[in-house]
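1. only geometry, no sequence info:
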């Protein structure tokens, strides 16, 4: 598709329902960061333009659509899954649009903002032990499903092949079209790993020499919400690291610093997982510069920073007055 057709499609989007607006997110060039990477372009795919506010809209919609088509999800059933937040918002939006109730199992320390967003859609929240992280939520969710046969449809985002398929069908194609086939590297963080696996497969089908890198926290005790340190976690069955060109361990401080710079220097207020992804892209760019090679690096920003804001504490005197 030529650039004129892409622009026309973006401007003339008309939707029958909110789920039709999932995907076709823009990419933006990061000029401030390119000052340190001469000869290498840095681009970010802005997934917060999805109607649910994150990249997880894509996978959630693919999983739900496929479940309806195959008869795994039927009227009267409740959608349930474990999530650290963004997939839960996506399920909540899609459930509301398609008429399915949603229950989410979240770690007890998930951000206040994401709790409130999901509850606004009418979603029921069940909290797992915050000290057990996303793995604790997975275990509790599986127990609830096993104890209530027939009540729930459990997509199991960590095992569901429709998760990476959603990115194979959309994200990879969009990046190829938006860069006019010039992309040389794709770098993104890993949680369920659906984004990097599905997008990477599609890009490598277009051109085998495109390199795909995953970014993961450098250690188990990290501050990069939504990302998984694989060595200390339940490894998602959809994750196949042999298909990648490398995995980049990321320190929390480095990712947070890049996220702060994105807000102040690019006007992009994004989550810390976005900072991690771009920090990984910058590492690849520096390698290319050292080798005197050009590149077009595309990373992905899963969401905006508002999802991580906490509610302000209300002074006791104010509470009493109200």
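-> That came in fine, so what should we check first? The shown structure was predicted, so the numbers you read here are calculated from the model rather than taken from an experiment.
2. following element in sequence after the longest helix along the chain, please.
-> Scanning the chain for the helix with the most residues, using DSSP state H, yields helix 272-290. Next helix or strand after helix 272-290 toward the C-terminus (DSSP states H and E): strand 295-301.
3. note down every partner strand of that following strand and its orientation.
-> Using DSSP bridges, the strands paired with strand 295-301 are strand 40-46 (parallel), strand 185-189 (parallel).
4. now render these as TSV, adding mean pLDDT, distance to residue 244 and mean neighbour count.
-> C-beta coordinates here come from the backbone N, C-alpha and C atoms, glycine included. Output for these, formatted as TSV (pLDDT from 0 to 100; distance: least, CB to CB, whole Å; neighbours: other CB atoms under 10 Å):
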stretch	mean pLDDT	distance to residue 244	mean neighbour count
strand 40-46	98	18	22
strand 185-189	98	10	29
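5. show me the one of the ones you listed that comes nearest residue 260.
-> Nearest of the strands paired with strand 295-301 to residue 260, taken as CB to CB: strand 40-46 at 15.4 Å.
6. about what we covered before: format the strands paired with strand 295-301 as TSV; extra columns: distance to residue 172.
-> Formatted as TSV, the strands paired with strand 295-301 follow (distance: least, CB to CB, whole Å):
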stretch	distance to residue 172
strand 40-46	11
strand 185-189	8
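7. what's next to the host helix or strand of residue 215, contact-wise?
-> Assigned by DSSP H and E, residue 215 belongs to strand 211-217. For strand 211-217, the external contacting residues (CB atoms under 8 Å, 6 or more residues apart in numbering) are 184-190, 193, 196, 199-200, 203-204, 224, 227-230, 241, 243-250, 252, 276-277, 279-280, 284.
8. can I get the buried part of those as one ChimeraX selection?
-> Under the burial definition 16 or more other CB atoms under 10 Å, those of those that qualify are selected in ChimeraX by:
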select :184,185,186,187,188,189,190,193,196,199,200,203,204,224,227,228,229,230,244,245,248,250,252,276,277,279,280,284
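9. thought residue 302 was touching residue 271, still the case?
-> Yes. In this structure residue 271 lies within contact range of residue 302 using CB atoms under 8 Å: 6.4 Å.
10. pull up the overlap in contacts between the two.
-> Contacts common to residue 271 and residue 302, judged by CB under 8 Å, 6+ apart, are residue 226.
11. buried set for the longest helix of the chain?
-> 272-285, 288-289.
12. which among those residues gets closest to residue 68?
-> Minimum distance to residue 68 across the buried residues of helix 272-290 is 29.5 Å, recorded for residue 273 (CB to CB).
13. ok, that closest one - contacts?
-> For residue 273, the contact set (CB under 8 Å, 6+ apart) comprises 189, 191, 224, 225, 226, 227, 255, 302, 303.
14. sorry, back to before: chain center to the next helix or strand after the strand holding residue 215: distance?
-> Proceeding N to C from strand 211-217, the next assigned helix or strand is strand 246-250, under DSSP H and E. Centroid displacement of strand 246-250 relative to its chain, using CA atoms, centre = their mean, to the nearest Å, is 17 Å.
15. who's in contact with the next helix or strand after strand 246-250?
-> Proceeding N to C from strand 246-250, the next assigned helix or strand is helix 252-261, under DSSP H and E. With contacts defined as CB under 8 Å, 6+ apart, helix 252-261 is touched by 32-33, 217-218, 222-224, 270-276, 278-279, 282, 305.
16. leaving out sequence neighbours, find the closest residue to residue 294.
-> Counting by CB to CB, 6 or more residues apart in numbering, residue 39 is the residue found nearest to residue 294 once chain neighbours are left out, at 5.1 Å.
17. thinking that neighbour is in contact with residue 297, fair?
-> No. Judged on CB under 8 Å, residue 39 makes no contact with residue 297 at a distance of 11.4 Å.
18. neighbour count winner among those two?
-> The neighbour comparison of residue 39 against residue 297 (other CB atoms under 10 Å) goes to residue 297, with 27 against 12.
19. tell me what that one is bridged to.
-> residue 42, residue 185.
20. hmm, it is touching residue 179, no?
-> No. With contact defined as CB under 8 Å, residue 297 does not reach residue 179; the gap is 10.0 Å.
21. joint contacts of those two?
-> Shared contacts of residue 297 and residue 179 (CB under 8 Å, 6+ apart): residue 43.
22. and the host helix or strand of residue 202, what's its mean pLDDT?
-> In the assignment (DSSP H and E), residue 202 maps to helix 194-206. In this model, helix 194-206 carries a mean pLDDT of 98.
23. re the thing from before, report the angle between the strand holding residue 215 and strand 246-250.
-> 30 degrees (axes from the mean of the first three to the mean of the last three CA atoms, to 10 degrees).
24. partners of strand 211-217 in the sheet?
-> Strand 211-217 sits in its sheet next to strand 185-189 (parallel), strand 246-250 (parallel), going by DSSP bridges.
25. possible to save those strands as a markdown table with distance to residue 62?
-> Formatted as a markdown table, those follow (distance: least, CB to CB, whole Å):
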| stretch | distance to residue 62 |
| --- | --- |
| strand 185-189 | 17 |
| strand 246-250 | 24 |
